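Peer 1: What would the 3D arrangement of this be:
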Amino acid sequence: MATRSLLPAASPDAGDHIASVATACGNLAVGCMEAVDAIAGTSAGVARQLSNLESIEAIIRGLEARQDEAARASGLARTLSATARKKLDAGSTLIDGAIGEFAALTDLVSRMGLQVTAFAAAMEQVRGVAASIETITRTTRMLALNAAIEAQRAGETGATFAVVADEVNKLAQDTRVAVNEIGRTVASLDQEATALAGDIVAGVAQANAARSTFVAVQDTSREVLEIVCEVDIHNEGIAVAARSIHAEASGVRSQLATFADEAHAAEDLLDEARAKVEEVELVANGMFDRIVHSGLAVDDQRFVDTTLAGAAEATAIIERALKGRELSIEAVFDTQYRPIAGSDPPRYDTHFSSFADAALRPLLDRIAAGDARIVSVVCSDVNGYLPTHTSRFSRTPRPGDAGWNLANCRNRMVILDAPTARAIRSEAAFMMGVYRFDRGETATVLRNVWVPIRVNGRRWGNFEIAYRDAA
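Peer 2: Numbering: from 1, shown residues only. As a prediction, the model looks like this:
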């Protein structure tokens with residue numbers, strides 16, 4: 001912040017000395033205002049940093065909470081890994097036993113297949129013996145037939161031989177029946193043995209396939225067990241890292257807490273300094289106001305006179321309109337501020353604003369053009385509402401450009417700062433002070449004259465002129 005000399009060069013004339021004191025008081029008030037702005041900016045910066053610290057602390061708390069969750073999840077994962085490892089070990093043992101049992105079963109079935117094959121060979125031998133018996137039976141029957149023929153030729157002497165031939169024939173027939181039954185039985189046994197042999201072969205193939213599957217399952221189980229062991233090792237590493245991060249985050253949060261405490265203390269000191277500087281600014285403004293009221297501050301007095309004349313003319317314009325019924329008293333004192341859609345910063349309409357644009361703005365423009373040091377001429381009601389402004393500050397707003405609008409579209413705004421609020425409470429003929437003219441991205445500290453406006457004896461607001469220092 002640039003420094004300024006509070007006391008101008010001395011003059012031998014007493015009036016000049018008093019004017020110098022007035023200038024010094026004004027400069028002191030300006031310096032206080034600039035100091036307040038600087039402190040406010042620093043305080044705002046500290047507040048932003050504190051807000052950032054709170055955000056960082058919240059992030060760290062969240063990080064600690066997530067680390068705790070990660071640690072718990074890692075512990076649970078290790079427990080599950082241990083359980084899975086035990087079950088996999090047990091399953092591997094069962095699979096080994098199943099593979100051994102399948103191997104024994106396969107061997108047993110294979111031996112049964114060999115036995116069935118041997119049984120089939122025996123059946124084939126039985127079939128051969130049965131065929132031999134069939135041949136003997138046919139021969140016996142032929143012999144019995146020949147014996148019967150010879151017995152008939154012999155007559156009675158061959159009767160005994162005929163009985164023997166008949167018995168031999170019956171024996172041959174019974175033997176043939178038995179041989180046929182043996183053949184059917186052997187054929188049935190052969191069919192059953194063949195089917196059993198096929199089933200045994202298929203069973204052996206399936207058993208071998210199942211054993212191969214179990215071997216693959218056993219290999220997969222071993223691989224899964226190895227993966228689980230590796231996961232368990234990594235989980236341990238994660239748990240160690242989580243504990244380390246948690247400890248470091250706790251340390252950072254502790255340091256941030258210490259820094260936040262110091263920042264809060266600095267913020268409190270800045271608030272105290274700002275309050276004290278504002279007190280000095282009030283005293284300086286009070287001294288400046290009293291010196292100007294003495295009539296000896298010639299440079300400032302001419303702006304007071306201009307403001308008094310402007311307030312009187314504005315009052316006369318309003319009261320003439322009331323008498324001519326161009327305007328109602330309700331419209332003059334309308335405080336039902338209606339927001340203008342899309343305005344940024346917010347602007348408002350009242351039943352008085354259109355009349356103010358038409359009747360008061362020409363007066364404001366004329367006074368502003370009368371002195372190059374005048375920056376702003378405006379009428380504001382008791383709530384800080386500006387129904388109109390000079391043409392310079394009543395331009396058409398630009399959508400989405402709040403900074404430009406604040407600097408150039410001040411009509412219809414509500415601007416109630418601390419000096420304006422003091423002027424509204426004042427019942428003096430005029431009040432002097434330092435005014436911080438905020439124009440969005442820039443702000444200028446000006447001297448200001450406030451003169452009350454009373455319409456039909458009722459306080460409406462103030463007529464104001466803001467002007468630059470002569471220096």
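
Peer 1: From Asp381, how far out is the closest residue to Asn408 other than its chain neighbours?
Peer 2: Of all residues not flanking Asn408 in the chain, Arg395 sits nearest, at 4.5 Å (Cβ to Cβ, 6 or more residues apart in numbering). C-beta coordinates here come from the backbone N, C-alpha and C atoms, glycine included. Distance, Arg395 to Asp381, by Cβ to Cβ, to the nearest Å: 22 Å.

Peer 1: Next: Ala356.
Peer 2: Taking Cβ to Cβ, one finds Ala356 at 10 Å from Asp381.

Peer 1: ditto for Ala359
Peer 2: 15 Å.

Peer 1: Over to Ala247?
Peer 2: Distance from Ala247 to Asp381, by Cβ to Cβ: 62 Å.

Peer 1: quick one: which of these two has more around it?
Peer 2: Neighbours were counted for Ala247 and for Asp381 using other Cβ atoms under 10 Å; Asp381 has more, 23 against 12.

Peer 1: So what's the residue count around the residue nearest to Asn408?
Peer 2: With other Cβ under 10 Å as criterion, Arg395 counts 15.

Peer 1: average pLDDT across stretch 226-245?
Peer 2: Averaging pLDDT along stretch 226-245 gives 70.

Peer 1: show me where the chain has helices.
Peer 2: 14-154, 159-293, 298-323, 329-332, 353-355, 361-369, 402-408, 418-425 (DSSP state H).

Peer 1: Next, the angle from the third one to helix 159-293.
Peer 2: This points to helix 298-323. Interaxial angle, helix 298-323 versus helix 159-293 (axes from the mean of the first three to the mean of the last three Cα atoms, to 10 degrees): 110 degrees.

Peer 1: Contact partners for Pro419?
Peer 2: For Pro419, the contact set (Cβ atoms under 8 Å, 6 or more residues apart in numbering) comprises Asn285, Gly433, Val434, Tyr435, Arg436, Asn448.

Peer 1: is the fifth one in a bridge, and if so with what?
Peer 2: Think Arg436. Taking DSSP bridges as the rule, Arg436 bridges to Val445.

Peer 1: Distance check, it against Thr444.
Peer 2: 8 Å.

Peer 1: okay, the two: which has more neighbours?
Peer 2: Between Arg436 and Thr444, counted using other Cβ under 10 Å, the more crowded position is Arg436 (18 against 13).

Peer 1: For Gly342, which non-adjacent residue is closest in space?
Peer 2: Spatial nearest neighbour of Gly342, chain neighbours left out: Pro399 (6.6 Å); criterion: Cβ to Cβ, 6+ apart.

Peer 1: For the residue nearest to His264 when sequence neighbours are not counted, give its distance to Ala266.
Peer 2: Counting by Cβ to Cβ, 6+ apart, His264 lies nearest to Leu50, which is 6.8 Å off, once chain neighbours are set aside. Computed as Cβ to Cβ, the Leu50 to Ala266 distance reads 10 Å.

Peer 1: Next: Ala162.
Peer 2: From Ala162 over to Ala266 (counting by Cβ to Cβ), the distance is 150 Å.

Peer 1: Ok, Glu181 next?
Peer 2: Note on Glu181: its distance to Ala266, by Cβ to Cβ, is 121 Å.

Peer 1: So for the two, which residue has more residues nearby?
Peer 2: A count of neighbours by other Cβ under 10 Å puts Ala266 above the other of Glu181 and Ala266, at 15 against 11.

Peer 1: Tell me how many other residues crowd the closest residue in space to the more buried one that isn't next to it in sequence.
Peer 2: Once flanking residues are discounted, Ala266 sits nearest to Val46: 5.9 Å by Cβ to Cβ, 6+ apart. Other residues near Val46 come to 18 when the count uses other Cβ under 10 Å.

Peer 1: Quick check: pLDDT value at Val46.
Peer 2: The model's pLDDT for Val46 equals 75.

Peer 1: again, but for Ile465
Peer 2: The predicted structure scores Ile465 at 98 on the pLDDT scale.

Peer 1: Verify the contact between it and Val449 for me.
Peer 2: Yes - taking contacts as Cβ atoms under 8 Å, Ile465 lies within contact range of Val449: 5.0 Å.

Peer 1: Kindly point out which residues are neighbours of both of these two.
Peer 2: Common neighbours of Ile465 and Val449 (criterion: Cβ under 8 Å, 6+ apart): Phe303, Thr306, Thr307.

Peer 1: can I get the residues you listed in a markdown table with pLDDT, neighbour count and distance to Glu57?
Peer 2: Listed next are those as a markdown table, based on pLDDT from 0 to 100; neighbours: other Cβ atoms under 10 Å; distance: Cβ to Cβ, whole Å:
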| residue | pLDDT | neighbour count | distance to Glu57 |
| --- | --- | --- | --- |
| Phe303 | 97 | 22 | 52 |
| Thr306 | 98 | 19 | 56 |
| Thr307 | 98 | 24 | 52 |
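
Peer 1: And the residues you listed, which is closest to His351?
Peer 2: Among those, Thr307 lies closest to His351 (Cβ to Cβ), at 26.2 Å.

Peer 1: Leaving out chain neighbours, which residue sits closest to that closest one?
Peer 2: Using Cβ to Cβ, 6+ apart and skipping residues adjacent in sequence, the residue nearest Thr307 is Val449, 4.1 Å away.

Peer 1: can you count the residues close to that neighbour?
Peer 2: Residues within reach of Val449, counting by other Cβ under 10 Å, total 28.

Peer 1: That one: what's it in contact with?
Peer 2: Counted by Cβ under 8 Å, 6+ apart, Val449 has contacts Asp300, Phe303, Val304, Thr306, Thr307, Phe430, Met431, Met432, Glu464, Ile465, Tyr467.

Peer 1: who wins for neighbours among these?
Peer 2: Highest count within the contacts of Val449 by other Cβ under 10 Å belongs to Met432, 30 neighbours.

Peer 1: Look at the residue lying closest to that one once chain neighbours are set aside and say how many residues are nearby.
Peer 2: What sits nearest to Met432 in space, not counting adjacent residues and going by Cβ to Cβ, 6+ apart, is Asp289, at 4.2 Å. If you count neighbours by other Cβ under 10 Å, Asp289 ends up with 25.

Peer 1: was I right about Asp289 contacting Ala429?
Peer 2: No - here Asp289 does not reach Ala429: they are 11.3 Å apart, not a contact under Cβ under 8 Å.

Peer 1: ok, now how distant is Gly342 from Gly41?
Peer 2: Separation of Gly342 from Gly41 (Cβ to Cβ) stands at 30 Å.

Peer 1: To clarify, my last question referred to Val449.
Peer 2: The gap separating Val449 from Gly41 is 28 Å, by Cβ to Cβ.

Peer 1: sorry, back to before: quick one: which of the helices of the chain is nearest Leu386?
Peer 2: That would be, of those and by Cβ to Cβ, helix 353-355, which comes in at 9.0 Å.

Peer 1: buried residues in that closest one?
Peer 2: Residues of helix 353-355 classed as buried by neighbour count (16 or more other Cβ atoms under 10 Å): Ser353, Phe355.

Peer 1: Tell me which other helices or strands that helix touches.
Peer 2: Using 3 or more Cβ pairs under 8 Å, 6 or more residues apart in numbering; DSSP states H and E as the contact test, no helix or strand touches helix 353-355.
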